[in-house]
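*Asks:* Next comes the sequence, and after it the predicted model I'd like to discuss.
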Amino acid sequence: MKKLKNWKSYVFVLAAGILVGVFLFFGVANWNIKQSEPQVSQTTVLEQLRSASDLITTKYHYAKVGRYENSLEINNWSIPLTNKYFILTYEGEVNLGVDLDQADIQVTQNKIKIALPPVEVLTNTIDEKSIEVYNESKNVFNQISINDYKEFAIQQKKLVDEELKEKQIYQVAEENTINSITKLLQIADGIKDQYDIEVTFKN
């Protein structure tokens, strides 16, 4: 009888040991799985956005006819016979977007909130190959220089910026930015189907 009790005790201890081992095994395995799962943080979200920064920008193409005119002056009086001018056509493209480094990103258990800085002009480039000169002066007293073309380009870019405001392109760029970021994160590994995305602009 004593041997039987000892045998039963042995079996019980063995079974308990096996159960403990099983729990420990699956506990460690589950912990390792969780550890191996990608962790979503502010940094990973920002990296996702940076990797697709071209998709977040809004492009605005324009074609213009511009005229530049200038005369030599003395005390704000134009000197006769020194007028110079040129008329040309050109095309350009504006890229509007946001400075992602200024974005505030918050990641909670099931939500990613992004507050963006205002939309700004990232680039405004005139395509040099598109430039065609239709008329220009040949004044020996005041010849056209490369600086005149540079000044003309600066003036025209300012006019384009005013056009962006008048046509509410900045508002269009805001909507495009929100939609692009939301769709981008909704298909990103480790984020899709796990987080709600909320994108806004700072006041």
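*Replies:* Great, that's in hand.
*Asks:* Please enumerate the helices of the protein.
*Replies:* 2-36, 42-51, 53-56, 146-166, 169-186 (DSSP state H).
*Asks:* quick one: which of those has the weakest pLDDT on average?
*Replies:* Here the helices of the chain differ in mean pLDDT, and the lowest is helix 2-36 at a mean of 43.
*Asks:* Let me see the domain layout of the chain.
*Replies:* Per automatic domain parsing, the structural domains of the chain span 1-37, 38-201.
*Asks:* Serialize the ones you listed to TSV and add fields for mean neighbour count.
*Replies:* C-beta: built from backbone N, CA, C; applies to glycine. Below are these laid out as TSV (neighbours: other Cβ atoms under 10 Å):
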stretch	mean neighbour count
domain 1-37	9
domain 38-201	14
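*Asks:* what inclination does the biggest strand by length in the chain have with respect to helix 146-166?
*Replies:* Longest strand of the chain, by residue count under DSSP state E: strand 120-136. Here strand 120-136 runs at an angle of 130 degrees relative to helix 146-166 (axes from the mean of the first three to the mean of the last three Cα atoms, to 10 degrees).
*Asks:* for strand 120-136, the distance to its chain's centre please.
*Replies:* 24 Å (Cα atoms, centre = their mean, to the nearest Å).
*Asks:* strand partners of it, parallel vs antiparallel please.
*Replies:* The strands that strand 120-136 pairs with in its sheet are strand 84-97 (antiparallel) (by DSSP bridges).
*Asks:* quick one: average confidence on the strand it pairs with?
*Replies:* Model confidence over strand 84-97 averages 94 on the pLDDT scale.
*Asks:* List the beta-bridge partners for Lys112.
*Replies:* To be clear, residue 112 is Ile; Lys isn't right here. As assigned using DSSP bridges, the partners bridged with Ile112 are Val107, Ile197.
*Asks:* That one: what's it in contact with?
*Replies:* Ile112 makes contacts with Val40, Val45, Ile105, Gln106, Leu185, Ile191, Tyr195, Asp196, Ile197, Glu198, as judged by Cβ atoms under 8 Å, 6 or more residues apart in numbering.
*Asks:* Pull the contacting residues for the fourth one.
*Replies:* Contact partners of Gln106, counting by Cβ under 8 Å, 6+ apart, are Gln42, Ile112, Lys113, Ile114.
*Asks:* Mind doing that once more with 6 Å?
*Replies:* Neighbouring residues of Gln106 by Cβ atoms under 6 Å, 6 or more residues apart in numbering: Lys113.
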